[in-house]
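> Just need the structure, nothing else, for what follows:
(chains A and B)
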Amino acid sequence: MRESAGSRLFQFANVIGLGLLAVVMFFPLYYVFIVSFTDPAQFLTDKTVLYPKKWSLEAYRYLFSTDAFLRSIGNSAFLAVIGTACSLAVSSSFAYALSQRRMFGRRTLLLMVLLTLLFSPGIIPHYMLVRELGLMGSLWALILPALANGWNVLLMKGFFDSIPAELSESAAIDGCSALRTWLSIIVPISLPAMAAFGLFYAVGYWNQFFNALLYLQSAEQWPIQVLLQNMLLSATNTDIAASAADYTAPPTEMLKMAAVVTATAPILAVYPFLQKHFAKGSMIGSVKG
Amino acid sequence: MNAAPDSRPASAVKRQYGEGGLRKGKGRSFASRLVSSFKREKSLYLLALPGIAFFIVFKYVPMWGIVIAFQDYSPFLGIKESPWVGWQHFERFFANPDFLLLFRNTLAINLLNLALFFPLPILIALLLNELKEGLYKRFIQSILYVPHFLSWVIIAGLTFLLFAKGEGVINDMLESAGAQRMDVLTDPDSFWLMLTLQSIWKEAGWGTIVFLAAIAGVDPERYEAARMDGAGRLGMMWHVTLPAIRGVIVILLILRLGDLMDVGFEQIFLMYNGAVSQVAEVFDTYVYRVGIQRGQFSYSTAIGLFKSVIGLALVLLTNKLAKKFGEEGVF
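Purely as a prediction, here's the structure:
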């Protein structure tokens, strides 16, 4: 069937239009990426660099020679790895138990989880709790309160519901305890789903900002997001220069952009895997919560 | 918030939740059933224990902490010893001119968002749907989804790098094109628009997913029928695709109304500066400033509680509304 001229024109305009939209959307990331790899001398004379005449790693060499930056990357990596492992353990074991019909009080527990999605007591009670628990100034203050959330638990429960109940039942008949069934049957067969949940948790931990601001006291514990805020947004920008005396500093703007690129890189690295999962639409709730 | 985690028909839920499952112990007392179930399934409860402990400690204990909204809480006396003051903090807040300011800013930011942001994912999803499946479409989608995963710190940082009056590249470009440098970051008149544009950049692409999923469910025969009737591409979009996703649009719109008290806290916190304080202060930033920075725990808890209660009422109300419109509702 041949398409009419109008249809073809629309098709053409649509391809161009969406292409332009993508270009505009991508421009900020492209720009900071390009400038961060430009020769400092060119940046200083040209100001607006859309493509470097000479590439340079100067900004990165400087950034990675500072303790503050390395430390913050380390802190964020710790949060992302340890936090994700803990989150997966707590939420998947809980969700599996909730998916088991023989669990007593299951409906009450589900309701309890659902209620936390409807009502939040606000910033101050959470802050006071963390303080009462003596977690102030510890990286665990960023992990423990974020171990699980209602959406993820409900989504995971939904996922476990889709695993045939016969699997757990026959394991039980063979004398397998629920704990062992979970660990040696359920977790292994749901590894792809666990990986997907894990990626979303990891991105969450890597991006954590406000809790770090609330609960951490010394700059040594800062995760990358707080350091970035300090470098990019606050008027007093002191922390990065202190320890890198061996280099003549590249322009501050370039350092900022290099820092943004470095903080974005891990996200872009896992992005293809993320996309594989959310493209199916199965994960939407967990990240919009 | 999003669609219901469990959207199966009630009969399926009933079957699975099992009316029979718990009947075994019928006739015995609640406690003895609990004890025997515990004994039989020790390790199942062991599995649930960390999760239960987490929800109790980190989600329900803070709810109990709300009581300090009705006290004159002092850290030295603790919750048990601090004196009760009733509704005093609420009265003080309602009498404060800041109250109306916070309300105005919250509503303005949300309504602007509703008007400018909300239609975009629908429009983009409709247009994306017209692209042929293939590399180009996937490429465009990949680019549109990326910003969703970036933190607000990165996005605020990019905004400064692009729009700052001194070094921002947009201003450099404006200048070389012969225009004036603009100072949008400290201009109260453009602050709300700036927030909306940021939200659009971060979430408009991501927001298309739910609509694309709904569009994917449309029966191809309907397009065929429309084609027979002589509909062109735009005609099919208007008469087939759009009606097919109307339900999703209504649900999302209603959910959005339920969130009317919420504004992106980190976003505003990061974009906040002295010059825009009159248009930037919202409930959460105010609670942070008064509570954490000035240590007025009771007063700020009362403000937070007020916000949460209104938010809860809105969610319940809009959910009811959704059901009235013949949609499933969210819970």
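> CA only for contacts and neighbour counts going forward, please
OK.
> which is the next helix or strand following the lowest-mean-pLDDT helix or strand in chain B?
Across the helices and strands of chain B, mean pLDDT, DSSP states H and E gives its lowest value to helix B:10-17, namely a mean of 42. Following helix B:10-17 in sequence order, the next helix or strand is helix B:30-40 (DSSP states H and E).
> List the buried residues in that following helix.
Neighbour counts over helix B:30-40 (16 or more other Cα atoms under 10 Å in any protein chain shown) mark B:33, B:37-38 as buried.
> what residues does the stretch 201-331 of chain B put near chain A?
B:201, B:209-210, B:213, B:232-234, B:266, B:270, B:284, B:287-288, B:291-292, B:297, B:300-301, B:304-305, B:308-309, B:311-312, B:315 (Cα under 8 Å from any Cα of the partner chain).
> Out of the residues you listed, list just those in helices.
Among these, the ones falling in helices (DSSP state H) are B:201, B:209-210, B:213, B:233-234, B:266, B:270, B:284, B:287, B:297, B:300-301, B:304-305, B:308-309, B:311-312, B:315.
> Which helix or strand contains the residue of the stretch 1-150 of chain A found nearest chain B?
Closest to chain B within the stretch 1-150 of chain A is residue A:94: 4.4 Å, counting by Cα to the nearest Cα. Assigned by DSSP H and E, residue A:94 belongs to helix A:84-99.
> for that helix, packing partners?
Packing partners of helix A:84-99 (3 or more Cα pairs under 8 Å, 6 or more residues apart in numbering or on different chains; DSSP states H and E): helix A:106-118, helix A:150-161, helix A:191-207, helix B:42-54.
> C-terminal to the first one, what's the next element?
Once helix A:106-118 ends, the next helix or strand along the chain (criterion: DSSP H and E) is helix A:123-132.
> How about residues contacting that following helix?
Defining contact as Cα atoms under 8 Å, 6 or more residues apart in numbering or on different chains, one finds that helix A:123-132 is touched by A:136, A:141, A:214-215, B:58, B:61-63, B:65-66, B:284, B:287-288, B:291-292, B:297, B:300-301, B:304.
> Flag every buried residue along it.
Within helix A:123-132, the residues scored as buried using 16+ other Cα under 10 Å are A:123-130.
> Give me the neighbour count for residue 120.
No chain specified, so I'll use chain A. Using other Cα atoms under 10 Å in any protein chain shown, residue A:120 has 21 neighbouring residues.
> nope, chain B please
18.
> Now do the helix or strand where it lies: distance to the chain's middle.
Here residue B:120 is covered by helix B:119-130, with elements defined by DSSP H and E. Averaged C-alpha coordinates place helix B:119-130 at 21 Å from its chain's average position (Cα atoms, centre = their mean, to the nearest Å).
> C-terminal to it, what's the next element?
helix B:135-145.
> Next up, phi/psi of residue B:218, please.
Main-chain torsions, residue B:218, degrees, to the nearest 10: phi -70, psi 140.
> Quick check: closest non-adjacent residue to it.
In this structure, residue B:218 finds its nearest non-sequential neighbour in residue B:244, 6.6 Å apart by Cα to Cα, 6 or more residues apart in numbering or on different chains.
> And that neighbour, how far from chain A?
18 Å (Cα to the nearest Cα, to the nearest Å).
> what does the model give that residue for pLDDT?
In this model, residue B:244 is scored at 85, pLDDT.
> Also residue B:178?
Residue B:178 carries a pLDDT score of 86 in this model.
> for residue A:253, same thing?
87.
> which stretch of helix or strand covers it?
Residue A:253 belongs to helix A:252-278, assigned by DSSP H and E.
> What residues sit buried inside that helix?
Quick answer for helix A:252-278 (16+ other Cα under 10 Å): A:253-264, A:267, A:271, A:274-275, A:277-278.
> can you pull the contacts of residue B:208?
Contacts of residue B:208 (Cα under 8 Å, 6+ apart): B:121-122, B:124-125.
> Against chain A, how distant is residue B:36?
Separation of residue B:36 from chain A (Cα to the nearest Cα): 10 Å.
> what does the stretch 151-289 of chain A put close to chain B?
Near chain B, when you scan the stretch 151-289 of chain A using Cα under 8 Å from any Cα, you find A:154-155, A:158, A:177-179, A:203, A:207-210, A:225-226, A:228-229, A:232-233, A:253, A:260, A:264, A:267-268, A:271, A:275, A:279, A:281, A:284-285, A:288-289.
> Point out where the chain drops to low pLDDT.
If you meant another chain, say so; for now it's chain A. A:1-3, A:235-248, A:279-289 (pLDDT under 70).
> if you could check chain B rather than the one you did, that'd help
Judged by pLDDT under 70, the stretches of chain B that qualify are B:1-28, B:326-331.
> Outline the domain layout of chain A.
Domains of chain A are assigned by automatic domain parsing as A:5-59, A:66-243.
> Pick the most buried one from those domains.
domain A:66-243 (a mean of 19; mean count of other Cα atoms under 10 Å in any protein chain shown).
> For it, what is the distance to the chain centroid?
11 Å.
> Quick one: residues contacting the nearest residue in space to residue B:265 that is not next to it in sequence.
Leaving aside its sequence neighbours, residue B:265 sits nearest to residue B:284 (Cα to Cα, 6+ apart; 6.3 Å). Residue B:284 sits next to A:123, B:265, B:304 when contact means Cα under 8 Å, 6+ apart.
> Recalculate using a threshold of 10 Å.
Residues near residue B:284 by Cα atoms under 10 Å, 6 or more residues apart in numbering or on different chains: A:122-123, B:102, B:106, B:261-266, B:268-269, B:290, B:300, B:303-304, B:307.
> Could you turn the buried ones of those into a ChimeraX selection?
Typed into ChimeraX, the line below selects the buried ones among the contacts of residue B:284, using 16+ other Cα under 10 Å:
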select /A:122,123 /B:102,106,261,262,263,264,266,268,269,290,300,303,304,307
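> Now do the same contact list for residue 113.
You didn't pick a chain, so chain A it is. So residue A:113 contacts A:107, A:149-151, A:153-154, B:51-52, B:55-56, B:59 (Cα under 10 Å, 6+ apart).
> wait, chain B
B:107, B:119, B:192-193, B:195-197, B:199-200, B:256, B:263.
> Of the helices and strands packed on helix A:84-99, which is nearest residue B:134?
Residue B:134 lies closest to helix A:191-207 among those, at 24.1 Å (Cα to Cα).
> what packs against the closest one?
Using 3 or more Cα pairs under 10 Å, 6 or more residues apart in numbering or on different chains; DSSP states H and E, the elements in contact with helix A:191-207 are helix A:67-78, helix A:84-99, helix A:150-161, helix A:187-189, helix A:224-232, helix A:252-278, helix A:284-288, helix B:152-163.
> Now render those helices as CSV, adding distance to residue B:252.
Listed next are the helices and strands packed on helix A:191-207 as CSV, based on distance: least, Cα to Cα, whole Å:
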stretch, distance to residue B:252
helix A:67-78, 34
helix A:84-99, 27
helix A:150-161, 17
helix A:187-189, 34
helix A:224-232, 31
helix A:252-278, 18
helix A:284-288, 12
helix B:152-163, 23
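> coming back round to it: next, the angle from the helix holding residue A:94 to helix A:191-207.
Here the directions of helix A:84-99 and helix A:191-207 differ by 130 degrees (axes from the mean of the first three to the mean of the last three Cα atoms, to 10 degrees).
> Quick one: work out the angle between helix A:84-99 and helix A:67-78.
Using the same axes, to 10 degrees, helix A:84-99 lies at 20 degrees relative to helix A:67-78.
> Nearest to residue B:168 among the buried residues of helix B:30-40?
Taking the buried residues of helix B:30-40 together and measuring to residue B:168 by Cα to Cα, the closest member is residue B:38, at 63.8 Å.
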